[in-house]
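Chemist: Sequence plus the predicted model coming up.
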Amino acid sequence: MPGLPLPVLPTFAPTVSTIAETIQLSLSPVFMLAGVGSLLNLLALRLARVVDRAREVEEAHPRSTGAAHERHVWELRLLDRRIGVITWALYLGVGCAILTSLVVALLFSAELFKLRIGRYLAVAFIAAMALLTASLIAFMIEVRWSLVAVRIRPELLERQNRRRRHQPPAS
């Protein structure tokens with residue numbers, strides 16, 4: 001409409017050097033995001049392998065009897081626990097990635113809009129690190145449980161006939 005003045009929008013024009021400094025500040029969280037992404041990929045692959053193994057054991061379970069049946073039940077219980085702990089590790093890792101992304105976004109927002117939110121940024125980054133730590137702890141628990149699952153039963157090793165562990169069988 002002619003005659004009406006246009007509203008004056010505030011201009012936020014940070015200097016190029018200010019943006020460059022903000023990019024430098026955001027590099028550490030961005031590298032952390034890359035590492036967390038790798039961890040999430042690893043956890044997703046482990047989850048897929050555990051689920052595949054659970055399906056194999058579930059298929060063999062109804063046909064098994066005696067000691068084999070008991071081993072299947074034991075392994076299914078262990079696989080169920082592993083699925084749960086990997087799922088938690090994934091949740092924690094995704095939470096870490098979300099908070100880390102938020103830190104990067106807030107770094108730029110704080111600079112563009114001259115917000116004084118340094119304390120909130122620090123808390124968000126600390127929380128992201130805590131979630132990452134918890135995810136790694138859950139990962140270590142799952143690794144430990146996976147090692148329990150692959151223990152070879154002593155009766156299969158036939159150790160009573162050998163003096164040393166790595167000695168080849170007598171011909």
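Modeler: That came through fine. Numbers count the residues shown, from 1 in each chain.
Chemist: residue ranges with poor pLDDT in the protein?
Modeler: Scanning the chain for pLDDT under 70 picks out the ranges 1-3, 6-12, 159-171.
Chemist: excluding its backbone neighbours, what's nearest residue 44?
Modeler: In this structure, residue 44 finds its nearest non-sequential neighbour in residue 90, 6.9 Å apart by CB to CB, 6 or more residues apart in numbering. Just so you know, the C-beta spots here come from the backbone N, C-alpha and C atoms, and that holds for glycine as well.
Chemist: so the one you found sits right up against residue 47, yeah?
Modeler: Yes. Assessed by CB atoms under 8 Å, residue 90 is found in contact with residue 47 at 7.0 Å.
Chemist: got a list of what residue 39 touches?
Modeler: Residues near residue 39 by CB atoms under 8 Å, 6 or more residues apart in numbering: 93, 132, 135, 136, 139.
Chemist: ok now do the last one, which residues does it touch?
Modeler: It refers to residue 139. 39, 42, 43, 86, 89.
Chemist: Quick check: the first one vs residue 97, distance?
Modeler: Read it as residue 39. 9 Å (CB to CB, to the nearest Å).
Chemist: go on, the fourth one?
Modeler: Counting by CB to CB, the separation of residue 86 from residue 97 is 16 Å.
Chemist: ok, these two, which is more surrounded?
Modeler: residue 86 (26 against 21; other CB atoms under 10 Å).
Chemist: Determine the set of other helices and strands touching the helix or strand where the more buried one lies.
Modeler: Assigned by DSSP states H and E, residue 86 falls within helix 66-112. Counting contacts by 3 or more CB pairs under 8 Å, 6 or more residues apart in numbering; DSSP states H and E, helix 66-112 packs against helix 16-60, helix 118-149.
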